[in-house]
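*Asks:* here are the coordinates; sequence isn't available:
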Ligand code: HEM
Ligand SMILES: *[C@@H]1O[C@H](CO)[C@@H](O)[C@H](O)[C@H]1NC(C)=O
């Protein structure tokens, strides 16, 4: 009797293991569109390059879009959905509202790809490819993008507000928000290096430049000038004061000089457990690039919809 129970236990455990292996594999592969839409990757790449040539900041905005997609119910393009009767748009989450940008660029890439191969390439994959192409265009790391994600038919403003990190985070909060997505402390420090490009609004760094003590005095004075105490919430400042338009490891050098723009940037180098990683990236651009690339691939793997789950949207901002 005892041994028969164990045999069925064994079978049950094997079945569970096989099922979970199939799920975590997620079936993403870099060759996913090779037969069904051979022009997909070159079409996206060309459109991304055109958009960034027109406005350099778009590289930053596209990378951020993929991040804000993946952290909320996985990399499923939920971030692109507009409000609708059954959709509570993530665009209105406080981390995204009047802040997340690049939607028109994604819509136009999607329209071009749809012309070449109608109904084949997902919006979630377009975000993943566009962020790799954007990084490459501004001299950042390159990596092979895994493909085969499908698009959600739902979005969640509540989940976005709960899961997207905020600029006032301390180190522990930031570590746990990445851990919740299966990302390590090292992944978190590497991915934060995306703040080597792009801009932030005064409202996100006001508290830091007026009240933080772990900030370079001259840097704080300079940023206060563009960010009045009770005005100018939308005024922009570069996240990397040295080379805001180029991907490099200056972000980490800034942190060591206490010139991180956001409170959540400076916590990475503030006498805590991540100081050593920051120091190593500040000295070794190659190590940063290699860790950033693997962390982007890992982030792109967060809970994709595959197989027959979800759908391939025709227009990224609405479900079919
Ligand atoms: C670690 C936690 C993070 C926090 C708290 C955070 C927060 C922010 C904030 C507050 C802004 C400025 C938004 C605005 O003022 O409109 C911003 C911009 C940006 N973030 Fe992050 N972020 C984090 C991680 C990341 C990651 C992991 C990536 C990508 C891999 C990323 C990419 C960017 C980029 C590229 C911009 C500039 C966007 C633009 O200029 O349009 N961030 N982030
Ligand atoms: C700085 O801190 C003080 C005291 O907590 C607070 O009253 C004030 O609003 C803060 N200033 C900014 C710009 O955040």
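*Replies:* Yep, that arrived. It should be emphasised that the depicted structure is a prediction, and the values quoted were computed from it without experimental measurement. Ligands and ions are numbered 1, 2, ... in the order given.
*Asks:* from here on, contacts and neighbour counts on C-alpha atoms
*Replies:* Fine.
*Asks:* so who does residue 312 touch?
*Replies:* 119, 120, 121, 122, 123, 150, 151 (CA atoms under 8 Å, 6 or more residues apart in numbering).
*Asks:* Distance of the nearest residue to it once chain neighbours are set aside relative to ligand 2?
*Replies:* Distance criterion CA to CA, 6 or more residues apart in numbering; nearest residue to residue 312, sequence neighbours excluded, is residue 122 at 5.0 Å. Separation of residue 122 from ligand 2 (CA to the nearest ligand atom, to the nearest Å) stands at 42 Å.
*Asks:* List just the nearest of the contacts of residue 312 to residue 197.
*Replies:* Proximity of those to residue 197 (CA to CA) peaks at residue 123, which lies at 23.6 Å.
*Asks:* Quick check: the closest one touching residue 313?
*Replies:* Yes: contact criterion CA atoms under 8 Å: residue 123 and residue 313 qualify, at 6.8 Å.
*Asks:* Other residues contacting stretch 274-284?
*Replies:* 185-186, 189, 249-253, 255-256, 268-269, 287-288.
*Asks:* and it, how far out from the chain's middle?
*Replies:* On the basis of CA atoms, centre = their mean, to the nearest Å, stretch 274-284 sits 21 Å off its chain's mean C-alpha point.
*Asks:* likewise stretch 155-165?
*Replies:* With CA atoms, centre = their mean, you get 14 Å for stretch 155-165.
*Asks:* got it, and stretch 208-228?
*Replies:* 27 Å.
*Asks:* ok, now stretch 229-246?
*Replies:* 20 Å.
*Asks:* now stretch 159-167
*Replies:* Counting by CA atoms, centre = their mean, stretch 159-167 comes out at 12 Å from the chain centroid.
*Asks:* So what would you say the end-to-end distance of it is?
*Replies:* The straight-line separation of the ends of stretch 159-167 (CA to CA, to the nearest Å) is 17 Å.
*Asks:* Helices along the stretch 51-200 of the chain, start to end?
*Replies:* Ranges of helices within the stretch 51-200 of the chain are 58-70, 103-116, 123-137, 157-163, 171-179, 185-192, based on DSSP state H, counting those that start in this stretch.
*Asks:* Quick check: mean pLDDT of the second one?
*Replies:* I take that to be helix 103-116. In this model, helix 103-116 carries a mean pLDDT of 98.
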